[in-house]
Structures are given as structure tokens and as C-alpha cells.
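Student: just coords:
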């Protein structure tokens, strides 16, 4: 198994508060890995330790087998939740400044700048001051900044928060293109479950601990339920059937949400009640449900 | 080297393009000029000089004691203006963008200092040349090239000292709002306490002792000792009744204009040792500031 990032027994304490409690996980090369958690769960603290911005109280972070801070910084790219580029500098000036922190010659920086400008469509905005760009353009430039070192691991900390849905889609197209063409491994934190739904692997952290992890489908199977939503012609007939068959269901106004266990179960149910169906819909369990169920349980 | 130069370039550009920061950097100079125009100018014009000095020569003498103060206060307010960059970068976590790269932490800190030093030196040297030229054009009496060159060299030294003091002060401040308040108050306090806004002889005696602890007081005196001799040479002893009256007028002018060295806390310490002490203090403050900022970076 080709692990690009290995985190072992990571621990961080602030006074009496344990922010990150002995967590371990790994990321496979080429994966899109999503890291979910509420505010204050320990996500940011974990990320900051991985990207060497925060000193650990315990544990090891290995990037491609290396633990040295200098190696990690040379081979990661980080897109922060807030923009870090300078509003008063142009796109080109910003990227040249940051590029110089990775590449020790102007010629080298120029070469890499042109590659990124081509790939991310930056030529048309390169002479504009960063603060005059739209939200989506700013994110694209921030991604260019993060890619300057040709990183092995791209870390995106809530990369589309605050952007409108159309711009979010554009940004994700850019990231997906990069994954396909460059084979970059992407480590993502997000509040948007639909972004995590595209991940190869998800971790949910709560109060400094990893509570669950797995692929989106594994997590949905285990921690969420599918429902058959039906508006019946005869309510009492339906209720009698459900009670008789000991089926779990909930009622919302005139709609009945019946728990189902896969396709065969759904087809059997439809077969049984087909004459009593006015309208129906199959509601699949979502990662939102997973998150609420898992974190909700922890809260209790 | 290329990375440090790039960061210095970035720090300089972000300051120069921030019109508000640049304006507030020159506010101290504007305050001093306003104070001078409103009442200091008349109070500092020597009286009883009819037949001894012409109007132009009188004006030259007043400018010769005012301009060093302008230059020194500029040395205070310019670094204060541009070091707000550091606070901004820390408070809004823009510094994270540098810290996740391979650049060594000390280079990030050094680039802030060097950018501030370069900005301060360039602007202040330009101010020296501009002010001296203006003085020459306004009065018809020009300072010698020797005075220009020595003043410029002193300005470079003063920029090193004042930038170091301001970097240290900046390292203690956590927020942009606090920095704005502190830099405004600090700049004004220095202006008064160093005998720049008001001559020291007007202020109570204990203020002189406090002033003697500030590097800026001695910078002001040292620069005056470069510029004022040419003004004092305009006094022709033969135009006085007696040599004694010429000498006492000269001594009075020297005292009024803050030309005399004041030592440290009333002790007679030669200026050369005061400047050496200031340099040692500056290096020490830079070192401490570096340690403080390194610690903040780790958290």
C-alpha cells in the first residue's frame, strides 16, 4: 500500500484541554481524502500540526516516509480557508514572491509561473491587483500559489467556503483536472457534505478523536438509512400494513417515511402496497445523515 | 538570498501601495511643521540681531535647528508606518502563507526588518537632500557638500537604530488596533520627550534627564551639531560690541537650540560613546525581537 501521508498518535493539549487526542490515520497516494468535523472538533489543530504550523505535543507526521519539517514544507501545498495573498500586489507579483520561497532563481520561478498560468487560466488576470479579483478568481490564484512547488500532497482547508454554487463547481473542476493530469493527492477539510461525497476516504473527527472513517458508501451503509417516502391513498390501510409487518416508519404530515434495507426490500414493499400508493420517492441516506448520526451519538 | 530579497520586495511594495499607511508615516513631519508655523518659528527666531544677521541669515539659523528634528522624527514615524505590515500578517494569519514554505523562519523576520530599514533610509535621505536644498533656495545660503554627506551618513546610522527600536516595539504588540493606538501615542511622546516638538529648555528639568535616555534625543543633537555650525559662523564677532557679548550670544543660542551634548542622566558621556551604546542597544533589541517573533510563529 502506497502511503503518502502517515499520521501516528498525534496529540495536542492546551492547558487542561486535549484538542487532538492520540489520532492516527494514513492517506494513500492519489486519493481524495476528506476530513470532517464540527468547529472546535480538532480539525484545524490537526491540519496545522500536519503542515508544520503548530508544534505537536506527541505523535509523528510522515510525508512519503520523511518526518523533517523542511521536507514536508517543500513537498506540500496548502490552500487556506482565508486568502493569504496580498491584496495590493498583482496576481503575477504575488505568485513570483511566493514562488521564490520554493525555487531559488528567477528563471525557475518564471518557468513554473508560466506552467501554472497556462493550466489555471491566469494570464488574463495576471496584472490585476489581487483584491480586485472575484472570489473564484482569488481561489484559483491561491491554488496556483499552493501548486508552485509541484507538491506531492495538496491540502485544502475549506476551499470553497463562502463561494457561490457555480464558482464552487468551477473550483472543483480545477481540482479534479489536477488530480487527473498531475496525480496529486488531495487532503480536504470541508463543511459541504457533497464535496466529501466525492472523496475516496472520509474521516470524521469529534472532540479531538476520530469517531468513524471509511469510504462514503461504507459510511452511508453503516450510519445512515434509506427511506421509501410514500403518500398513500388510504392512510389507515398503510398503517395497518406497516404495524402488521413491524416496519419502522415516521410520519411527516401526509407523508410516510418507511425504512428500507436495499433494493430487494424496496421492491417487495412496492409490490405489497402498490395499490395504495398515490406518490412515492426513494430517499437515499446522505453523508449529512452520517455526520448527524455519528456526531449526534457522541454528543449524547 | 533570492527568497529573502523577494520577501523584502513584497514588504516594501505592500507599504508603498498603502496610501493611508504612507500618509500616517508623514503625519509626525506634518505635525512638527504645523507647530513650527503656528508658534515655534517665532519663538525660536533670535532677537536683537539687527545689524548682525540679515533676515535670510536669521531664517537660515532657524531652519538649521528645525530640520534635524524633522529628520529624526521622520526616522521614528516611517518605520512605525511600515512595520504595521508585521502585525497585519500575524493577526490575519497571512504569515501562514510563508511559514508553510521551506523558507527559514529567521529570513521571514529579517525581511521585515530589512524592508523597514531600506524604506526608512531611502525616504529619510531624500528628505535630508530635499530639506537642505529647500533651505538653500529659500535663504540663498547653501550648506556645504561636507554637511550633506555627513548628514546622509548619520541618517543611515539613525535609520538602523530607530528601525531596530520600532521592530522591538512591534514584536510586543498583538493586534492591528493596538498597533495603531500605540504607534500614534509613541510617535507623539518621542517627539516631545526628545526635544523635537519642543526645545528641551522649555520643558521641566527632569524631562531633560528622561530625554537623555532616549536615542532620538542624541540623534537630534548630533545632527544639529552637523548643520548648526555653518549657521553660527554667520555671526560676525566684529559686529558685536565686545567679544564677551558675542560669546555669550553664541552660548545662549547653543543652549536654546539644543546644540549642547546632554550626556546620560546628567553624567558627562561623550557623544561617541552614546552612539556606540545606541548601536549595541539596537542589536540587542533586534535579537530580542527576533526571539519574541519566533516564539509567536511556533504558536
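Tutor: Thanks, I have the structure now. Being a predicted model, the structure only gives us computed values, none of them experimental.

Student: Residues of the stretch 101-250 of chain B that sit close to chain A?
Tutor: Contact residues (Cβ under 8 Å from any Cβ of the partner chain) of the stretch 101-250 of chain B with chain A: B:101-103. Every residue, glycine included, has its C-beta placed from N, CA and C.

Student: Can you verify my assumption that residue A:227 contacts residue A:283?
Tutor: Yes: the pair residue A:227 / residue A:283 is scored as a contact, 4.3 Å apart, by Cβ atoms under 8 Å.

Student: For these two, list the residues in contact with both.
Tutor: Common contacts of residue A:227 and residue A:283, defined by Cβ atoms under 8 Å, 6 or more residues apart in numbering or on different chains, comprise residue A:257.

Student: Looking at those two, which one has more neighbours?
Tutor: Neighbours per residue (other Cβ atoms under 10 Å in any protein chain shown) separate residue A:227 from residue A:283, with residue A:227 holding more: 22 against 14.

Student: Would you mark the buried spots in stretch B:277-289?
Tutor: Under the neighbour-count criterion of 16 or more other Cβ atoms under 10 Å in any protein chain shown, stretch B:277-289 has B:278, B:282, B:285-286, B:289 buried.

Student: so residue B:234 makes contact with residue B:53?
Tutor: Yes: Residue B:234 is within contact range of residue B:53, at 6.1 Å (criterion: Cβ under 8 Å).

Student: Between these two, which contacts overlap?
Tutor: Looking at what touches both residue B:234 and residue B:53 (by Cβ under 8 Å, 6+ apart), the common residues are residue B:61.

Student: Quick check, residue A:31 in contact with residue A:200.
Tutor: Yes: the pair residue A:31 / residue A:200 is scored as a contact, 4.3 Å apart, by Cβ under 8 Å.

Student: which secondary structure element contains residue A:102?
Tutor: Following DSSP states H and E, one finds residue A:102 outside all helices and strands.

Student: Name the SS class of the nearest residue to it once chain neighbours are set aside, please.
Tutor: Using Cβ to Cβ, 6 or more residues apart in numbering or on different chains and skipping the chain neighbours, the partner closest in space to residue A:102 is residue A:149 (4.2 Å). Using DSSP: H, G, I helix; E, B strand; the rest coil, the structure places residue A:149 in coil.

Student: now do the one 10 residues further on
Tutor: Secondary structure of residue A:159, reduced to three states by three-state DSSP: coil.

Student: If you count neighbours, what's buried in stretch B:96-106?
Tutor: Using 16+ other Cβ under 10 Å as the test for burial, stretch B:96-106 gives B:96-101, B:103.

Student: Give me the distance between that stretch and the centre of its chain.
Tutor: 32 Å (Cα atoms, centre = their mean, to the nearest Å).

Student: Give me the contact list for it.
Tutor: Contacts for stretch B:96-106 (Cβ under 8 Å, 6+ apart): A:51-53, A:70, A:73-74, A:76, A:78, A:80, A:84-85, A:98, A:101-102, A:145, A:149, B:3, B:7, B:108, B:290, B:294, B:297.

Student: With stretch B:77-84 instead?
Tutor: Contacts of stretch B:77-84 (Cβ under 8 Å, 6+ apart): B:11, B:15, B:21-22, B:24-29, B:112, B:115-117, B:119-120, B:123-124, B:159, B:162-163, B:166-167, B:170, B:176, B:179-180, B:183, B:186-187.

Student: Buried subset of the residues you listed, written for ChimeraX?
Tutor: Filtering the contacts of stretch B:77-84 down to the buried ones (16+ other Cβ under 10 Å) takes a single ChimeraX command:
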select /B:11,15,21,22,24,25,26,27,28,29,112,115,116,117,119,120,123,124,159,162,163,166,167,170,179,183,186,187
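
Student: from the contacts of stretch B:77-84, which ones fall inside helices?
Tutor: B:11, B:15, B:21-22, B:24-25, B:27-29, B:112, B:115-117, B:119-120, B:123-124, B:159, B:162-163, B:166-167, B:170, B:176, B:179-180, B:183, B:186-187 (DSSP state H).

Student: List the residues that contact the residue in the stretch 201-300 of chain A that chain B sits nearest to.
Tutor: Distance from chain B to each residue of the stretch 201-300 of chain A (Cβ to the nearest Cβ) is smallest for residue A:208, at 18.0 Å. Contacts for residue A:208 (Cβ under 8 Å, 6+ apart) come out as A:12, A:18-21, A:23, A:41-42, A:45.

Student: Checking my notes, residue B:213 in a strand, right?
Tutor: No: counting by three-state DSSP, residue B:213 falls outside a strand, being coil.

Student: Does it touch residue B:262 like I think?
Tutor: No: in this structure, residue B:213 is not within contact of residue B:262 by Cβ under 8 Å, at 10.4 Å.

Student: So the two - more neighbours on which side?
Tutor: Just comparing residue B:213 and residue B:262: by other Cβ under 10 Å the higher neighbour count belongs to residue B:262, 21 against 11.

Student: pLDDT at the more buried one, what is it?
Tutor: pLDDT for residue B:262: 86.

Student: so is residue A:19 in a helix, a strand, or just coil?
Tutor: Here residue A:19 is recorded as strand under three-state DSSP.

Student: What is the neighbour count of it?
Tutor: 19.

Student: Just confirm residue A:4 contacts residue A:61, I think it does.
Tutor: No: using Cβ under 8 Å, residue A:4 makes no contact with residue A:61, being 11.7 Å away.

Student: Okay, now the unreliable bits of chain A?
Tutor: Along chain A, the parts satisfying pLDDT under 70 run over A:1, A:297-300.

Student: So which elements touch the helix ranked longest in it?
Tutor: Longest helix in chain A, counting residues (DSSP H): helix A:165-182. Helices and strands touching helix A:165-182, by 3 or more Cβ pairs under 8 Å, 6 or more residues apart in numbering or on different chains; DSSP states H and E, are helix A:135-147, strand A:153-157.

Student: mind listing what residue 288 touches?
Tutor: In the absence of a named chain, chain A is used. Listed by Cβ under 8 Å, 6+ apart, the contact partners of residue A:288 are residue A:193.

Student: The chain in question should be chain B.
Tutor: Contacts of residue B:288 (Cβ under 8 Å, 6+ apart): B:168, B:171.

Student: in what helix or strand does it lie?
Tutor: Assigned by DSSP H and E, residue B:288 belongs to helix B:271-298.

Student: what distance separates that helix from the centre of its chain?
Tutor: Worked out by Cα atoms, centre = their mean, helix B:271-298 lies 18 Å from the chain centre.

Student: Repeat that for stretch B:150-159.
Tutor: 10 Å.

Student: Hmm, residue B:121 is touching residue B:155, no?
Tutor: Yes: using Cβ under 8 Å, residue B:121 makes contact with residue B:155 at a distance of 7.0 Å.

Student: what secondary structure does the closest residue to chain A within the stretch 51-200 of chain B sit in?
Tutor: For the stretch 51-200 of chain B, the residue closest to chain A is residue B:97, as judged by Cβ to the nearest Cβ, at 3.3 Å. On the three-state scheme (three-state DSSP), residue B:97 is labelled helix.

Student: if I look at it, how far off is residue B:77?
Tutor: Taking Cβ to Cβ, to the nearest Å as the criterion, residue B:97 is separated from residue B:77 by 28 Å.

Student: on that earlier part again, can I get the buried residues of stretch B:277-289 in JSON lines with distance to chain A?
Tutor: Output for these, formatted as JSON lines (distance: Cβ to the nearest Cβ, whole Å):
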{"residue": "B:278", "distance to chain A": "33"}
{"residue": "B:282", "distance to chain A": "28"}
{"residue": "B:285", "distance to chain A": "26"}
{"residue": "B:286", "distance to chain A": "23"}
{"residue": "B:289", "distance to chain A": "21"}
